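Engineer: predicted coordinates and the sequence they were generated for:
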Amino acid sequence: MTIEDHTDPRAEPEAGDIIGQLLDAALLHVPFDGWSAQTFAAAVEEAGITPALAEALCPRGAVDLAIAFHKRGDQLMLDRLAEEEMTGLRFRDKIARAVRLRLEVVDDKEAVRRGTTLFSLPQYAGDGVRLIWGTVDAIWTALGDASEDINWYTKRGSLAGVYSATVLYWLGDDSLEHQASWEFLDRRIDNVMQFEKLKAQVQSNPLLKPLLVGPNWLAQQIKAPGTRDDLPGSWSAPRR
């Protein structure tokens, strides 16, 4: 008898599997009812999950399913990235490819549109910011970023702006295969690269170096967070 023979087919599904079932059921209703209580109730019924269990796993109902939908997209992007051959590409092209993949894995643009509306509400804006930060952190980490200083934040902050703007453009894009969105994405990344070039020129200017001593010292005190699952970072106390 093998180990597999001891597996109980009646074993209880894990929480992630149940949330996945609820999410799959909810996506049929999101285009019509949004990420709403009505959508959550319909998903619970159609997935055959008891309301008590569904509420325990998703205490905020459809909001938690919208978060799960976004995180599912992040994971699909990472899976696609792992299969990509990007040897020889410029780093800015790798970033552009990752953002493009993140949008290409979306099967239902309307679900993203409804999620954008949801996370623009004041009570859920914090969740929206954390989700975007999680996406750009996943991209930088997958591409091998090893920053441990303020660059950890500036890279993700810059990409968060590029990603957010591209998503909004993509939502309204009806061009063939979203070609206009990819051109928009390239322009936004070029803007960031131009800013980085200007910043490097300022830092190397001997006339400006005395003025940058204080800001540079301050920047050196900022360190990347020890755990990377949220927005806050860490501050290294000055050595005595």
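Structural biologist: Structure's in. What do you need? Numbering: from 1, shown residues only.
Engineer: flag the shaky bits of this protein, pLDDT-wise.
Structural biologist: 1-13, 195-224, 226-240 (pLDDT under 70).
Engineer: can you give me the helices for it?
Structural biologist: 15-26, 30-33, 37-47, 51-57, 62-83, 91-104, 109-118, 125-142, 150-171, 179-204, 209-220 (DSSP state H).
Engineer: can you redo the ones you listed as TSV with mean neighbour count?
Structural biologist: (C-beta placed from N, C-alpha, C; glycine too.) Output for these, formatted as TSV (neighbours: other CB atoms under 10 Å):
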stretch	mean neighbour count
helix 15-26	18
helix 30-33	17
helix 37-47	18
helix 51-57	14
helix 62-83	19
helix 91-104	19
helix 109-118	18
helix 125-142	18
helix 150-171	18
helix 179-204	14
helix 209-220	11
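Engineer: quick check: can you list the domain ranges of the protein?
Structural biologist: Domain assignment for the chain by automatic domain parsing gives 14-59, 71-235.
Engineer: how far off centre is stretch 136-147?
Structural biologist: Distance, stretch centre to chain centre, for stretch 136-147: 12 Å (CA atoms, centre = their mean, to the nearest Å).
Engineer: that should have said stretch 133-146, apologies.
Structural biologist: Distance, centroid of stretch 133-146 to centroid of chain: 9 Å (CA atoms, centre = their mean).
Engineer: ok, residues contacting that stretch?
Structural biologist: Outside stretch 133-146, the residues that touch it by CB atoms under 8 Å, 6 or more residues apart in numbering are 70-71, 73-74, 77-78, 81-82, 91, 94-95, 98-99, 102, 147, 152, 155-156, 159-160, 163, 228-229, 231.
Engineer: try it again at 6 Å.
Structural biologist: Under the criterion CB atoms under 6 Å, 6 or more residues apart in numbering, residues 74, 78, 81, 94, 98, 155-156, 159-160, 163, 228, 231 lie in contact with stretch 133-146.
Engineer: can you check stretch 166-174 too?
Structural biologist: Contacts for stretch 166-174 (CB under 6 Å, 6+ apart): 103, 113, 180-181, 184-185.
Engineer: which one of those is nearest residue 60?
Structural biologist: Taking CB to CB as the measure, residue 113 is the one of the contacts of stretch 166-174 closest to residue 60, at 19.9 Å.
Engineer: how close does the closest one get to residue 173?
Structural biologist: 12 Å (CB to CB, to the nearest Å).
Engineer: same check on residue 100?
Structural biologist: 12 Å.
Engineer: same question, residue 89
Structural biologist: Relative to residue 173, and taking CB to CB, residue 89 is found at 24 Å.
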